[in-house]
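In: Model the structure of this input:
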Amino acid sequence: MQVHFHGHACFTLSGKQGRLIIDPFLTGNPVADINAATVAVDGILVSHGHRDHLGDAVEISRANQATIIAPFELAYYCEQKGAPTHGMHIGGSHKFPFADVKLTQALHGSAVTEDNRIIYTGNPCGFLITLDGVLIYHAGDTGLFGDMELLGDLNQIDLALLPIGDNYVMGIQDAVIATKMLKAKSVIPMHYNTFDLIKQDAKEFAKGVEGFCKPIILEPGNTIEIMGK
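Out: Alright, predicted model coming up:
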């Protein structure tokens with residue numbers, strides 16, 4: 001299975017089961033390596049309604065007839081925009097043809113700003129994604145929370161995708177603690193260096209976790225391959 005990083009918190013996962021994209025913020029993303037028109041996927045996972053995560057999800061969904069998977073209120077919003085959707089909520093899981101998906105909590109907000117008004121889009125979330133026998137945890141936008149240890153105890157996470165940008169999400173120190181709690185085999189930092197406000201040194205994060213987890217620093221456009229069990 002391949003993991004492609006597109007900048008910010010956007011990843012494409014490609015495997016024998018199918019292909020999905022997570023938090024497809026491409027248009028307006030100064031570091032994105034692709035544009036929405038080139039995306040070909042079976043499913044779209046959106047962690048919350050902020051523009052730097054919902055991004056181009058509706059447009060990609062329409063073009064591919066790909067299902068948007070998101071917390072119920074956000075899925076309903078996307079459905080009203082003409083996208084096929086599958087609403088879920090935290091703790092729920094579902095087997096899709098292209099992957100198994102379970103929603104986890106995330107400590108953040110979730111809303112769409114439209115026509116000078118804020119539209120509430122439910123709870124934010126993270127995702128546990130099983131594709132081709134590989135378990136990936138995409139934390140979404142979140143601060144550190146104690147139940148990350150429970151996620152690590154209950155799941156054998158092959159790869160964690162964790163924000164380190166600070167200000168809106170965990171900073172480096174908290175992300176190092178989160179990595180230890182999750183007991184993941186490998187970790188990729190995300191949600192940093194897209195804008196000046198979230199500039200961080202990923203090498204500092206890598207140094208903080210290398211004693212107990214394999215850090216992988218990806219630049220937008222980079223791809224890694226992970227073997228399933």
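In: in this protein, which helix has the most residues?
Out: Criterion DSSP state H: the longest helix present in the chain is helix 172-182.
In: wait, what's in contact with residue 166?
Out: Residues near residue 166 by CB atoms under 8 Å, 6 or more residues apart in numbering: 172, 198, 200. Where C-beta positions appear, they are placed from N, C-alpha and C, glycine not excepted.
In: still on that earlier bit, ok, residues contacting the helix or strand that comes right after the longest helix of the chain?
Out: Using DSSP states H and E, the next helix or strand after helix 172-182 towards the C-terminus is strand 186-190. Defining contact as CB under 8 Å, 6+ apart, one finds that strand 186-190 is touched by 3, 5, 8-9, 11, 158-164, 175, 179, 200, 202, 205-206, 209, 213-218, 226.
In: if you set the cut-off to 6 Å instead, what comes out?
Out: Applying CB atoms under 6 Å, 6 or more residues apart in numbering, the contact partners of strand 186-190 are 9, 159-164, 179, 202, 205, 213-216, 218.
In: What of stretch 11-28?
Out: Here stretch 11-28 has contacts from 1-5, 8-10, 32, 35-36, 41-45, 47, 52-53, 55-57, 60, 98-99, 131-132, 138, using CB under 6 Å, 6+ apart.
In: Please type out the ChimeraX selection for whichever of the contacts of strand 186-190 turn out to be buried.
Out: Selecting only the buried entries of the contacts of strand 186-190 in ChimeraX, with 16 or more other CB atoms under 10 Å as the criterion:
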select :9,159,160,161,162,163,164,179,202,205,213,215,216,218
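In: Now for the contacts of strand 186-190: which two are most distant?
Out: Greatest spatial distance among those (CB to CB): 9 and 214, at 20.2 Å.
In: Helix, strand, or coil at the closest residue to residue 31 other than its chain neighbours?
Out: With sequence-adjacent residues excluded and distances taken as CB to CB, 6 or more residues apart in numbering, residue 31 is closest to residue 7, at 3.8 Å. Following DSSP: H, G, I helix; E, B strand; the rest coil, we place residue 7 in the coil state.
In: Please report how far residue 7 lies from residue 52.
Out: Note on residue 7: its distance to residue 52, by CB to CB, to the nearest Å, is 10 Å.
In: Compare these two (neighbour count), which wins?
Out: residue 7 (22 against 19; other CB atoms under 10 Å).
In: how about that one, what does it touch?
Out: 29, 31, 32, 220.
In: same thing but 8 Å
Out: The contact partners of residue 7, by CB under 8 Å, 6+ apart, come to 25, 29, 31, 32, 33, 194, 220.
In: got it, and residue 129?
Out: Applying CB under 8 Å, 6+ apart, we find residue 129 in contact with 13, 20, 22, 45, 99, 100, 101, 135, 136, 137, 138.
In: The third one pairs with what?
Out: Think residue 22. residue 11, residue 45 (DSSP bridges).
In: do the fifth one as well
Out: On the basis of DSSP bridges, residue 99 is bridged to residue 96.
In: Check whether it really touches residue 128, as I assumed.
Out: No: if you go by CB atoms under 8 Å, residue 99 and residue 128 don't touch, sitting 10.1 Å apart.
In: Between these two, tell me which one has more neighbours.
Out: Comparing residue 99 with residue 128 by other CB under 10 Å, the one with more neighbours is residue 99, at 25 against 18.
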